[in-house]
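[1] Here is my input; please provide its structure:
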Amino acid sequence: MNDMFIKSREIGKPFKLSRRGFIGASLGALALGVVVPAGCARAQAAQAVVPGTRVSAFIEIRPDSTVLFRSAFIEGGQGIFTAMAQIVGEELDVDPANFTVEGAPPGPDYLLIGGARFTGGSMSVRMSYDAMRKLGAAARMMLMQAAATQLDVPVAELSTEPGRVLHAKSGRSIPYGELVDAAAGLPVPEEVALRDSADFRWIGKPVGRLDAHDKSTGKAQYSIDLKVDGMLYAAVQHSPHLGGEPDSLQNEAEVAGMPGVHSVHRLPGAVAVVANSWWRARMAVEALQVTWTEPAPDVSRAMPADFSTEAHLAALKAAPGDGIAFEEEGDVSAALAGAAKVVEASYDAPYLAHGQLEPPSALVRWNEDGTLELWAPNQAPEMFQAHAAKVADIEPGQVIVHSPLLGGFFGRHFLYETANPFPQAILLSKAVGRPIKLIWSREEEFLRDALRPMSAVRFRAGLDADGLPVALHAVSAGEGPAGRWFGRDPDKVDSTAVEGIAGKVYAIKNRRVGHIHVDDPAIIGFWRSVGHSMNDFFYETFFDEMADVGGHDPYELRHRLLADSSRHRNLLEAVAELAGGWKRGPFEAEDGSRRARGVAMASPFGSEVATIAEVSIQQGQIVVHDIWVAIDPGSIVNPAIIEAQVNSAVALGLSSALLEEVVYVDGVPQARNYDGYPILTPDQMPRVHVRIVESGAPMGGIGEPGVPGVPPAVANAVSTLTGRRVRSLPLSKFSLEEGGAT
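    Next up is the predicted model:
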């Protein structure tokens with residue numbers, strides 16, 4: 001029987017939760033105790049499933065006609081749950097406000113990203129949009145078919161209004177909740193008609209966030225909030241150098257006798273204390289006096305004891321050759337040789353931490369039937385399930401994964417192995433025979449974060465007699481996160497290492513983008529907008545250098561070189577109009593401050609973005625007053641979410657441009673908390689102005705595209721004010737004054 005519907009006779013019926021079927025009732029977060037997703041997921045694995053087609057895996061309709069929807073994608077503040085309710089609700093004919101959305105368990109139904117499943121790359125909505133519309137339409141048709149039988153009328157005579165099936169001829173109607181028994185036994189229709197976009201009621205509208213109330217009232221449950229009966233707490237102390245192991249614990253007996261301490265443990269690369277509160281566990285583990293071994297020669301990804309960011313950056317800058325070509329068009333060598341002028345510059349950007357609000361945590365429980373339950377913030381439930389099974393030495397089907405709301409996203413919650421706490425929690429729970437909740441302190445998080453990679457790029461451009469670029473040659477050195485975690489072909493370039501340098505739409509006839517792979521000793525990962533976060537800074541600031549040398553205004557040169565791309569030219573014009581017209585400066589503002597503007601464009605994750613920043617320098621400090629962003633995602637689901645995401649992206653992009661930098665000395669990050677790793681403060685946040693442009697192009701992403709245009713727009717404005725180019729981030733490491741930068 002189709003299990004997409006909750007039968008009315010089950011509401012209020014006592015339900016005994018088994019350990020296998022437990023999905024959070026004791027956490028106070030369970031909406032439907034009769035649902036056992038973990039068992040369903042294991043049953044689904046035994047049959048061939050086309051992802052996104054089985055209504056039962058996603059939709060449950062309650063007797064009151066409200067909907068429980070299981071999202072394949074995880075909510076981390078980006079508005080996915082609301083967008084999914086809008087998309088499905090549009091075709092199901094249920095107001096999104098009547099949806100409850102939760103993260104789906106692992107299972108083949110949810111492998112919507114090319115046969116895999118992860119929340120990232122700004123892919124969630126755009127990659128599932130069509131499938132989710134069809135899913136909602138299929139469920140609506142099943143309800144109408146059930147109503148047709150009950151009313152003894154043809155389906156063609158029926159229609160729906162939110163939550164009800166209508167028969168206009170007789171004036172009768174039936175709420176969805178009264179049709180669930182009959183609809184449950186019907187097959188899912190293979191072909192369904194979709195609503196015309198002209199008739200959309202919720203898609204494209206600023207529907208309120210479904211998660212806003214619970215988050216603002218403290219009811220939202222994150223991994224760090226969760227509890228289960230009999231739970232103990234754990235804290236860890238890691239080896240200062242990845243790959244080191246605990247040797248001797250000089251004061252183990254003393255620590256074991258501290259108040260509330262249950263036990264002391266050695267783990268791979270760490271020591272842990274289990275106690276009856278997390279604070280006691282933390283105080284105890286930090287009191288441990290540990291002697292650490294040096295990493296063995298054969299340990300993979302061990303951190304060298306002499307590693308420094310200064311030396312690594314020097315190695316990137318000195319990497320010889322032109323690298324493997326990722327993009328090649330025309331004859332760059334000949335064009336450079338015949339150019340009237342040649343412009344050369346080198347750029348670099350540092351490691352960045354994720355610094356999400358919620359520190360990493362995991363809650364683990366071994367059940368009496370041999371299954372393992374894991375509650376952990378994650379972006380890829382199936383990946384976490386497989387790795388948890390490997391650590392626990394059980395089958396993946398025996399691992400029940402719950403995916404709570406994420407208290408910060410930014411690419412931090414992929415499977416980075418040494419940067420995730422859940423393997424440690426599994427081992428500790430097995431050792432003590434009780435559920436374990438492990439939380440990393442902020443200091444341990446900074447020590448073991450998977451960083452945005454460091455990168456350096458060399459540019460050469462050839463200009464003709466009119467100062468127009470005829471050739472561009474770029475060589476990037478470093479390592480991309482996709483190659484690190486998903487495998488790298490040594491004869492090919494990892495696109496995440498060059499995106500934002502390659503793929504530019506400016507009409508430069510001859511161009512080559514190459515990459516030199518340099519192994520990064522640090523654990524690197526995905527960071528919001530990935531390679532675009534630094535590569536668009538490199539390219540778009542060098543673009544201004546080309547314009548200056550050629551005697552062109554940087555906005556006008558962009559406009560000219562976009563003549564063959566109306567989409568991009570219109571977007572550039574839109575951001576200028578939003579800003580009240582383009583003026584580079586320097587100019588005097590109404591408050592008497594001397595200001596300048598910078599402009600940049602980016603093409604991240606299927607969307608197009610144009611950004612203008614207005615900047616002044618006051619007492620040697622950069623002040624960003626306004627940032628204007630025009631974004632073209634092709635088509636949209638929720639304009640309010642887009643505006644919110646652009647605002648948050650601007651904050652993160654500006655923070656990275658002005659302040660953020662992870663520095664290693666002797667193999668250890670120098671910042672272990674926010675006192676050493678400053679981030680943007682509220683008083684540094686500029687006014688943000690957003691214009692959404694719907695070009696009708698295929699739908700692009702939203703969560704990340706607002707980031708990469710901010711650093712170059714700000715840097716270009718700063719260079720206009722100072723008269724000198726700044727080619728390295730963050731900008732705070734330079735002494736800046738109007739008319740000069742040192």
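
[2] Surely L721 is in contact with F587?
    No. Using C-beta atoms under 8 Å, L721 is not in contact with F587; the gap is 10.4 Å. Every C-beta, even on glycine, is put in place using the N, C-alpha and C of the backbone.

[3] Which of the two has more residues huddled nearby?
    Regarding L721 and F587, a neighbour count based on other C-beta atoms under 10 Å identifies L721 as having more, with 24 against 13.

[4] now the more buried one: how far from G115?
    Using C-beta to C-beta, to the nearest Å, L721 is found at 50 Å from G115.

[5] For whichever helix or strand M141 is part of, list every residue counted as buried.
    In this assignment (DSSP states H and E), M141 forms part of helix 124-151. For helix 124-151, a neighbour-count test (16 or more other C-beta atoms under 10 Å) marks 124-129, 131-148, 151 as buried.

[6] what helices or strands is the very next helix or strand once past that helix leaning on?
    Per DSSP H and E, the first helix or strand lying C-terminal to helix 124-151 is strand 158-161. If you count contacts as 3 or more C-beta pairs under 8 Å, 6 or more residues apart in numbering; DSSP states H and E, strand 158-161 packs onto helix 124-151, strand 164-167.

[7] Doesn't I622 lie inside a helix?
    No. Checked against DSSP: H, G, I helix; E, B strand; the rest coil, I622 lies outside a helix; its state is strand.

[8] need the contact list for it.
    Residues near I622 by C-beta atoms under 8 Å, 6 or more residues apart in numbering: V615, S616, L658, V714, V718, L731, S732, L736.

[9] What's the separation between it and P206?
    33 Å.

[10] cool, and E479?
    41 Å.

[11] and the two? which has more neighbours close in?
    Each of E479 and P206 has its neighbours counted (other C-beta under 10 Å); E479 has more, 24 against 13.

[12] Just give the nearest non-adjacent residue to that one, would you?
    Nearest non-adjacent residue to E479, counting by C-beta to C-beta, 6 or more residues apart in numbering: D520, 4.3 Å away.

[13] Same question for V299.
    Distances taken as C-beta to C-beta, 6+ apart place G243 nearest to V299, at 4.2 Å, with adjacent residues excluded.

[14] likewise L468?
    That would be G550: by C-beta to C-beta, 6+ apart, it lies 6.4 Å from L468.

[15] gap between that neighbour and P469?
    As defined by C-beta to C-beta, G550 lies at a distance of 7 Å from P469.

[16] shared neighbours, the two?
    L463.

[17] neighbour count winner among those two?
    Taking neighbours as other C-beta under 10 Å, G550 and P469 compare with P469 leading, 27 against 19.

[18] Quick one: residues contacting that one.
    A461, G462, L463, Y506, I508, M546, G550, L561.

[19] got a winner among those for most neighbours?
    Result: A461 is most packed of the contacts of P469 (other C-beta under 10 Å), 27 neighbours.

[20] ok, and the helix or strand in this protein with the lowest average confidence?
    helix 37-45 (a mean of 41; mean pLDDT, DSSP states H and E).

[21] still on that earlier bit, wouldn't the residue nearest to L468 be in contact with K341 here?
    Yes. G550 is in contact with K341 according to C-beta under 8 Å; the separation is 7.2 Å.

[22] Now for those two: what residues contact both?
    With C-beta under 8 Å, 6+ apart, G550 and K341 have common neighbours L463, G467.

[23] which stretches of the stretch 601-742 of the chain aren't confidently modelled?
    738-742 (pLDDT under 70).

[24] Can you list the residue ranges for helices in it?
    Assigned by DSSP state H, counting those that start in this stretch, the stretch 601-742 of the chain shows helices spanning 639-658, 710-722.

[25] Buried deepest among these, which one?
    helix 710-722 (a mean of 28; mean count of other C-beta atoms under 10 Å).

[26] helices and strands around that one, which ones?
    Applying 3+ C-beta pairs under 8 Å, 6+ apart, one finds that helix 710-722 contacts helix 532-550, strand 594-602, strand 608-618, strand 621-632, helix 639-658, strand 736-737, strand 740-741.

[27] If we use 10 Å, what do you get?
    helix 532-550, helix 554-561, strand 594-602, strand 608-618, strand 621-632, helix 639-658, strand 736-737, strand 740-741 (3 or more C-beta pairs under 10 Å, 6 or more residues apart in numbering; DSSP states H and E).

[28] For A502, which of these is the nearest?
    With distances scored as C-beta to C-beta, the stretch of the helices and strands packed on helix 710-722 nearest to A502 is helix 532-550 (8.4 Å).

[29] by how many degrees do that closest one and helix 639-658 diverge?
    70 degrees (axes from the mean of the first three to the mean of the last three C-alpha atoms, to 10 degrees).

[30] the inter-axis angle of helix 532-550 versus helix 554-561?
    Using the same axes, to 10 degrees: helix 532-550 against helix 554-561 is 100 degrees.

[31] Mind listing what's buried along helix 532-550?
    Residues 532-548, 550 are the ones in helix 532-550 that count as buried (16+ other C-beta under 10 Å).

[32] ok, back up a step: how close does the residue nearest to V299 get to V271?
    From G243 to V271 the distance is 15 Å (C-beta to C-beta).

[33] cool, Q250 as well?
    For Q250, the distance to V271 (C-beta to C-beta) stands at 12 Å.

[34] now L406
    Distance of L406 to V271, computed by C-beta to C-beta: 28 Å.

[35] Same check on P106?
    31 Å.

[36] These two: which has the busier surroundings?
    Ranked by neighbour count (other C-beta under 10 Å), P106 and V271 place P106 first, with 27 against 22.

[37] count of neighbours near R687?
    Counted with other C-beta under 10 Å, the neighbours of R687 add up to 11.

[38] Can you tell me the closest non-neighbouring residue to it?
    In space, R687 is closest to D626, 4.8 Å off (C-beta to C-beta, 6+ apart).

[39] how about the one you found, what does it touch?
    A579, G580, R595, R597, I612, A613, E614, V615, P686, R687, V688, H689 (C-beta atoms under 10 Å, 6 or more residues apart in numbering).

[40] in the sheet, who's paired with the third one?
    On DSSP bridges, the residues paired with R595 through beta bridges are F587, S616.

[41] Might one say that it is in contact with P686?
    No. With contact defined as C-beta atoms under 10 Å, R595 does not reach P686; the gap is 11.8 Å.

[42] if we can go back for a sec, would you format the helices of the stretch 601-742 of the chain as TSV with distance to S159 included?
    Formatted as TSV, the helices of the stretch 601-742 of the chain follow (distance: least, C-beta to C-beta, whole Å):
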stretch	distance to S159
helix 639-658	28
helix 710-722	47
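
[43] With respect to S607, which of those lies nearest?
    helix 639-658 (9.6 Å).

[44] who does that closest one touch, helix- and strand-wise?
    Using 3+ C-beta pairs under 10 Å, 6+ apart, the elements in contact with helix 639-658 are helix 80-92, helix 532-550, strand 608-618, strand 621-632, strand 687-692, helix 710-722.

[45] Kindly reformat these as CSV containing distance to K227.
    Below are those laid out as CSV (distance: least, C-beta to C-beta, whole Å):
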stretch, distance to K227
helix 80-92, 23
helix 532-550, 36
strand 608-618, 42
strand 621-632, 41
strand 687-692, 38
helix 710-722, 40
